[in-house]
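Asks: structure, please.
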Amino acid sequence: MEADKETRRQGDREGTSPGQPVTTSSSRVIRASELAQYAYCAKAWWLGSVMGVRTTNTHALERGEATHRLHGQHVWWSRVLIWIAVGFVVVALLLITIVAR
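Replies: Residues are numbered from 1 along each chain as shown. Next up, the predicted model:
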């Protein structure tokens, strides 16, 4: 309770309060994950982005990043394989048209 009051006071000193987006004169990139975090829990976003409080579940975050990286590799390989398959289809169609003459 007391920590929550202190957080509000600090936010008020910075011109922000929990649940309100931070506006600054510098152009900062806002990532989709930040928007999702804000939509899920505005206070969690505010604590991390404005107050600089670090998360304690770094192990889960690292696992999630590794899973996303692996998924990205699978997506890349699936696209490569699709283009290879398209190439084989084109070659097959060319061979069919050449043999049919």
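Asks: please tell me how far residue 98 sits from residue 60.
Replies: Look at residue 98 and residue 60: by CB to CB, to the nearest Å, they are 57 Å apart. Where you see a C-beta, it was placed from the backbone N, CA and C, and this is true even at glycine.
Asks: and for residue 43?
Replies: Taking CB to CB, one finds residue 43 at 19 Å from residue 60.
Asks: go on, residue 68?
Replies: 13 Å.
Asks: same question, residue 92
Replies: Separation of residue 92 from residue 60 (CB to CB) stands at 47 Å.
Asks: cool, residue 53 as well?
Replies: 17 Å.
Asks: just residue 30 next, same as before
Replies: Residue 30 is 23 Å from residue 60, by CB to CB.
Asks: and residue 10, what's its pLDDT?
Replies: Reported pLDDT at residue 10 in the predicted model: 47.
Asks: where does pLDDT dip in the chain?
Replies: Judged by pLDDT under 70, the chain has its weakly predicted residues at 1-25.
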